[in-house]
Structure formats: C-alpha cells, structure tokens
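>>> One predicted model, sequence on top.
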Amino acid sequence: MIYKSSKKLFEDGYYANAAEDAFIEFNCRAKGIYRKLVPNAKDIPDGTDLMHKLFGGNSPICPVCDISTESGNNFQQGFHFMTAGAMSALRNPKAHSNDEILTKGEAIRRLMFASMLMCKLDETGL
C-alpha cells in the first residue's frame with residue numbers, strides 16, 4: 001500500500017508529499033482496523049490519538065505480537081510509540097504546512113519506516 005500511495009509522487013520529485021501520503025495511508029489502514037475491532041465506536045480517533053488507543057495500554061485493542069511475554073510487551077510498547085511518534089513527527093508537519101522540504105534520501109528513509117510499520121499491520125491479518 002505504501003508503494004501505491006507514494007510511488008508516483010516520489011518519482012516526480014515530490015518527496016515531502018510522497019512521505020506524507022505514506023503515513024496518511026498508514027493512518028487510514030489503522031482506522032480501518034479500529035473500525036473492525038471496535039465496531040460500535042461512535043467516533044474513530046485519528047493520528048496520534050488513534051495510535052495510542054489502538055496499540056497502547058496494558059491490553060491493546062490491536063496487539064501486533066504475542067504480548068504474553070516480556071519481550072512481546074516490550075515490542076508492543078515500542079510499536080505503539082513508533083506509530084504515535086510517526087503521526088506527530090512525520091505526518092503532521094507536512095499536513096499543516098507546505099514549508100517542509102525533504103531530500104530524496106530523507107524521503108526514502110521515511111518511506112522505508114512507513115513500509116516497516118505497514119508490514120507489521122499486515123502481519124496481524126486484520
């Protein structure tokens with residue numbers, strides 16, 4: 001999905017837009033998972049709030065690994081904070097201003113990070 005949402009923008013040199021769209025795609029996918037797991041929710045959270053609700057806490061709505069072990073709990077917590085941080089630090093700046101300019105290398109790093117997060121969601125089967 002990251003490839004589909006960002007490929008053309010990246011190839012055309014719109015690096016900041018390509019990276020932003022990758023995290024928007026991740027956020028949309030997370031919203032879809034939230035809808036599946038909390039079908040009676042009146043409101044669907046967005047961005048950082050969504051990541052905290054979906055992946056955080058002692059009993060996360062969406063565990064991305066076996067959380068019955070200390071290692072699993074550590075991974076879940078790390079994934080939770082990586083996704084919340086990605087929304088704040090990587091998606092939101094471009095979403096709120098056109099001032100962000102990325103180099104090709106920085107865009108590649110962000111796209112790889114978004115892809116890594118998305119692959120972990122794919123592993124949940126949701």
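Good, I have the coordinates.
>>> if I pick the closest residue to Thr103 other than its chain neighbours, what's in contact with it?
Spatial nearest neighbour of Thr103, excluding adjacent residues (CB to CB, 6 or more residues apart in numbering): Tyr15 at 6.9 Å. Placement of C-beta: from N, CA and C, glycine included. Residues near Tyr15 by CB atoms under 8 Å, 6 or more residues apart in numbering: Leu9, Ile101, Leu102, Thr103, Lys104, Glu106, Ala107.
>>> Least confident of those?
Within the contacts of Tyr15, Ile101 has the lowest pLDDT, namely 83.
>>> residue contacts, it?
Counted by CB under 8 Å, 6+ apart, Ile101 has contacts Tyr15, Ala16.
>>> separation between the residue nearest to Thr103 and Val38?
For Tyr15, the distance to Val38 equals 35 Å [CB to CB, to the nearest Å].
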